[in-house]
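Undergrad: below is the structure, and that's it, no one-letter string:
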C-alpha cells in the first residue's frame, strides 16, 4: 500500500489566538518607564566609581533643572530591577530629591548585562586605570562564558584572535595593554589607589602586581614609612626577588632606600610635630606651601631685627 502523506498544518500559537498584532508588536519593543529609585539595585561589583567630582556636580545641576534626559538601562531582577547603565544618573537623581528615573527595561542574562555595562561606561572621557582594569576583566570573563578562551593575563603564542585582542580593538587598546590593565586588578586597594592618583606610574604598578599580596602590603607599609614610591627599576628588582622567594621587608626597605636618578633630597618632619597647626585632611602640598611661607616671614623678621641693631 502506498504510504500516506503527512499533512502539515500551520497552526497559530496561543499568543496569536489570544492577543492582537498590536499587542504582540508592543511586547517586542523595549519599554521605557519611570521606575522608583528604591526598586533599582546597583550592579554587583560595579567597576566604575560614582564620585562627587566636577562632572558629577554638572550632572546634578542638569538633573535638578531638566530631569534625567537619557533613560537609564535596567533589567528585571528578583522583585525589582538591576541597574546596567545609569548609576551616576541614579545617584544625581537621589541627591536632588527625585524618587523616580526613566529607564529602558531589557531582559538580559548576566554575561549580556556585564558586556553592556562595560561598553556603555568605557565611552566616558576620563576613565581611571582601576576602572578600566576591572571593566576589561569583567568583559573578558563574560565573553569567555560565551565560549571564548579562559586565559586573561598570560601570553602564549597562538594565531587565533584572542579575547583580550578583541576587547582591545573595540576600545582602542592593544592586546598587551589590555593584559597590563587586567594585571592592575591584582594590586591591593591602597596601591591601586596610588596608581589612580598617579603617585605610582602605570607600568610600575603593573610590575608590582606580580608580588604576592603580603609582599604588596609590606611594600605599601615601607612606602609610607620612607615617604617614597618605587621607580620602575626598583619595582622590577622586587619582582625578581619575589620570584626567587627572597623578598622580605628588609629587602624592600633596602631597595627603596637606593638613590634614584634625578632624585630630589627631602627633609622629613614627623607628622605629629606639625599636625596641631593644620586642620585634619589638609593636603601635603598645602602644608608644604604654608611652612615655606612661614619660614620666609621668619627670615624677613630676623633680617629686620639685625638691621635695627
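TA: Alright, I've got the coordinates. These numbers come from a predicted model, not from an experiment.
Undergrad: every contact and neighbour count from this point should use C-alpha atoms.
TA: Noted.
Undergrad: counting by contacts, list what the host helix or strand of residue 177 packs against.
TA: Under the criterion of DSSP states H and E, residue 177 resides in helix 175-184. Judged by 3 or more C-alpha pairs under 8 Å, 6 or more residues apart in numbering; DSSP states H and E, helix 175-184 is in contact with helix 129-145, helix 163-171, helix 202-208.
Undergrad: what's the longest one in contact with?
TA: Meaning helix 129-145. 47-49, 110-112, 114-115, 118, 122, 150, 152, 163-164, 167, 178, 181-185, 192-193, 195-196, 202 (C-alpha atoms under 8 Å, 6 or more residues apart in numbering).
Undergrad: and stretch 91-103, by the same measure?
TA: Counting by C-alpha under 8 Å, 6+ apart, residues outside stretch 91-103 touching it are 32-38, 50, 56, 59-60, 63-64, 67-68, 70-74, 90.
Undergrad: list only buried entries from those residues.
TA: 35, 37, 56, 59-60, 63-64, 67-68, 71-74, 90 (16 or more other C-alpha atoms under 10 Å).
Undergrad: which one of these sits closest to residue 83?
TA: Set against residue 83, the nearest of these by C-alpha to C-alpha is residue 74 (4.6 Å).
Undergrad: which residues are in contact with that closest one?
TA: 40, 81-85, 103-106.
Undergrad: tell me the least confident of those residues?
TA: Scanning the contacts of residue 74 for pLDDT, the low point is residue 85. It has 90.
Undergrad: tally of neighbours for that one?
TA: Residues near residue 85, counting by other C-alpha atoms under 10 Å, number 25.
Undergrad: surely residue 32 meets residue 104?
TA: Yes. If you go by C-alpha atoms under 8 Å, residue 32 and residue 104 touch, sitting 4.5 Å apart.
Undergrad: tell me how far the helix or strand hosting residue 242 lies from the chain's centre.
TA: Assigned by DSSP H and E, residue 242 falls within helix 232-243. Centroid separation for helix 232-243 versus its chain: 26 Å, with C-alpha atoms, centre = their mean, to the nearest Å.
Undergrad: return the set of buried residues in that helix.
TA: In helix 232-243, counting by 16+ other C-alpha under 10 Å, buried: 232, 234-239, 241-242.
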